[in-house]
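> Next comes the sequence, and after it the predicted model I'd like to discuss.
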Amino acid sequence: MPHPSTHRQPGVPQPHSGADDWQAWSDAWTRHVPVLAGRTDLTVLVAPGAAGDAPECFYPALHRIEIDANFIAAAPDVTNPAKAGHKKVVPTGYGLLVHGAAHAAHSRWNTPPGTPPILANVAELLEESRAEGRQRTRRRGDRRWLRHIVTTLLDPGDAPVDDLWHAGQLAGLLLARVDARIITGKDVRGVRAAVTGVLGRKRLRQLRDIWRDAHTTGDTDADTMIALARRWCQVLGIDPDQQHAAPVADEGQFSGRLAAALAEYLAVAYGITPAQYATLLLTHRHSPPETWERTDPSDAEQRAARDLAARLSRARTQHPEPGRRPSLIPPGRLRARQAITAEAQAAAGQIPTAAPWQQRAQLPPVRPRLHLAVLVDLSGSMDAYAETMSSAAWIFAHGARRADASTTTIAFGNRTTVLVPPRDRPRQVLHMVTGGGTSTFPEAVKVADQLLDLRHGRTLRMLAVVSDGDLDDIPAAQRLITTLHRAGCAVLWLHPAELLAPGEPEDPDVAWGHTFQHTTTLTVADPVAAVAAIADAAVTALEQA
């Protein structure tokens, strides 16, 4: 979600299309908002895309609350906003109205001129729970609606990394709402544990003292709110006079316990499992564009999938090793417990399934399950590879599943797109379209880690990247690759040959054709060679596991 500062804007919003369709809602809520805010000078605008980048926003200069109609319903005829019972039909939308009314009633202070942005950032963070707590005190029944929209005002991106700043931000967004009596301590038990693990008990107690002081601050006391924000920064080891801007997450770090705890909280709030929530989030953020073409697989692609499955299966089962296997009949070593079980089954008139004997035999070795993530560069310079790698995504998905492996293919460019999720067998080939930059490479690596757990587990893990190395943030990419390498995940980088021709610049600071450390870097002559190299590497890794 956007930072809480976007819930209260001093400027003038842009006009919104579709406002006429929702005019009845705007009129009805304008008549109703004086009851919520205790003010008669407010107007409410409901329209798709209203409120800027937030679900709801209060504009003090205009005395206006804007609400994005997309958080109410798909169409305005979902219910009659003039009737009192409509709020039960659209609890999220009505909760946003209550939240906006809380700001209109109690956020009566403005950031003093010249305040460092980081202090304004923290002050607005503290204002969220302060305004909601004041609204609940004045109108106890509003807690129901404010509690309902906490999930709407949160996003897993609020805790991208485990550092002091983002742990403090998560504490201010959720734990402070417990003291404001909007949510309960039981709701955020997992979040509290994660925040404590990052901040430590002492820092968390100090931050709690700050937000509790904010809850008792007057509605117009800007100086106290800024002073509390300064204390907040000092607790986190930040000098706001030296660091004016709020810290941003390091793109070269993977998410950790904070993100996991927040995702679990959101999943429980929505009444689903964390795995289901992760799937919904993946579908919402990284689904392929509808404009990408889909075609049925050709005979050659089907043969390639069968050949890959056969190669992977052979790699898992060659070189038999001495082992033991159960048997229903001798010879072998008698296992007393299994013999007794077999006799009991026979006495009960059942067909014995227990195997009383244990025999020595040459058995295929137990090999780990292969987890393979393929990342494909969709920048304009990689246009020649898009079609072949689209075909390869289908081949890898079908070949891996038949060989008891997990694979995913992810494209990165201006956005991250998951072509084939793990354990999925697409019926058709999805054809990627190139164009744009490579800004989402770090995100693509993190999505691959989320899907296949590349940093943990006993599986055989491999990341294959097909790219010319012309990335927007090479240092961040290198840190991610190094983290995977140290965690035991092999990284294979496939460079197109034409970008590594003699005479090209060899300066390591030049992104074109950059070679990363802690990778096995191969130069490939064409897209087919890139696919073959990935398949060969996967088979070799299984054979040597």
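Happy to help now that I have it. Numbering: from 1, shown residues only.

> neighbours of residue 19, just the number please.
Using other CB atoms under 10 Å, residue 19 has 18 other residues around it. From N, CA and C alone the C-beta is placed, and that goes for glycine too.

> cool, residue 165 as well?
Neighbours of residue 165 using other CB under 10 Å come to 20.

> ok, now which ones touch the spatially most central residue of the chain?
Taking CA atoms, centre = their mean, the centroid of the chain lies closest to residue 156, which sits 5.9 Å from it. Residues near residue 156 by CB atoms under 8 Å, 6 or more residues apart in numbering: 259, 262-263, 266, 281.

> got it, and residue 306?
399, 402.

> Which of the helices or strands spans it?
helix 299-317 (DSSP states H and E).

> Off-centre distance for stretch 48-60?
In terms of CA atoms, centre = their mean, to the nearest Å, the centre of stretch 48-60 is found 24 Å from the chain centre.

> about what we covered before: how much space between the residue nearest to the centre of the chain and residue 264?
As for residue 156, its distance to residue 264 is 10 Å (criterion: CB to CB, to the nearest Å).

> do you know how far the residue nearest to the centre of the chain is from residue 259?
Distance, residue 156 to residue 259, using CB to CB: 6 Å.

> Run a quick neighbour tally on residue 287.
Neighbour count for residue 287, taken as other CB under 10 Å: 12.

> So what does it look like in phi/psi?
Dihedral pair for residue 287: phi -70, psi 150, per degrees, to the nearest 10.

> and what of residue 490?
Dihedral pair for residue 490: phi -70, psi 140, per degrees, to the nearest 10.

> Please apply the same query to the one 4 residues further on.
Here is the backbone geometry of residue 494 (degrees, to the nearest 10): phi -110, psi 110.

> Which residues does the helix or strand harbouring residue 533 contact?
Using DSSP H and E, residue 533 sits in helix 527-544. Outside helix 527-544, the residues within contact range by CB under 8 Å, 6+ apart are 308, 311-312, 315-316, 318, 367, 370, 372, 374, 384-385, 387-389, 391-392, 395-396, 405, 460, 462, 464, 466, 490, 492, 494, 520, 522, 524.

> from those, which ones fall inside helices?
By the criterion of DSSP state H, membership of those in helices covers 308, 311-312, 315-316, 384-385, 387-389, 391-392, 395-396.

> contacting residues for the closest residue to residue 542 other than its chain neighbours?
Leaving out its chain neighbours, the residue that sits closest to residue 542 by CB to CB, 6 or more residues apart in numbering is residue 315, at 3.7 Å. Listed by CB under 8 Å, 6+ apart, the contact partners of residue 315 are 367, 539-540, 542-543.

> let's go with 6 Å and repeat that
By CB atoms under 6 Å, 6 or more residues apart in numbering, residue 315 lies in contact with 539, 542-543.

> Which member of the residues you listed exhibits the greatest number of neighbouring residues?
residue 542 (24 neighbours).

> Check what pLDDT that residue gets.
With respect to pLDDT, residue 542 scores 84.

> Give me the distance between it and residue 421.
Distance, residue 542 to residue 421, using CB to CB: 22 Å.

> and what of residue 447?
For residue 447, the distance to residue 421 - CB to CB - is 10 Å.

> One more: residue 476?
For residue 476, the distance to residue 421 - CB to CB - is 25 Å.

> okay, these two: which has more neighbours?
residue 421 (20 against 17).

> Tell me who's in contact with that one.
Going by CB under 6 Å, 6+ apart, residue 421 touches residue 408.

> Mind jotting down where the strands sit in the stretch 51-200 of the chain?
Along the stretch 51-200 of the chain, the stretches classed as strands by DSSP state E, counting those that start in this stretch are 56-59, 64-68.
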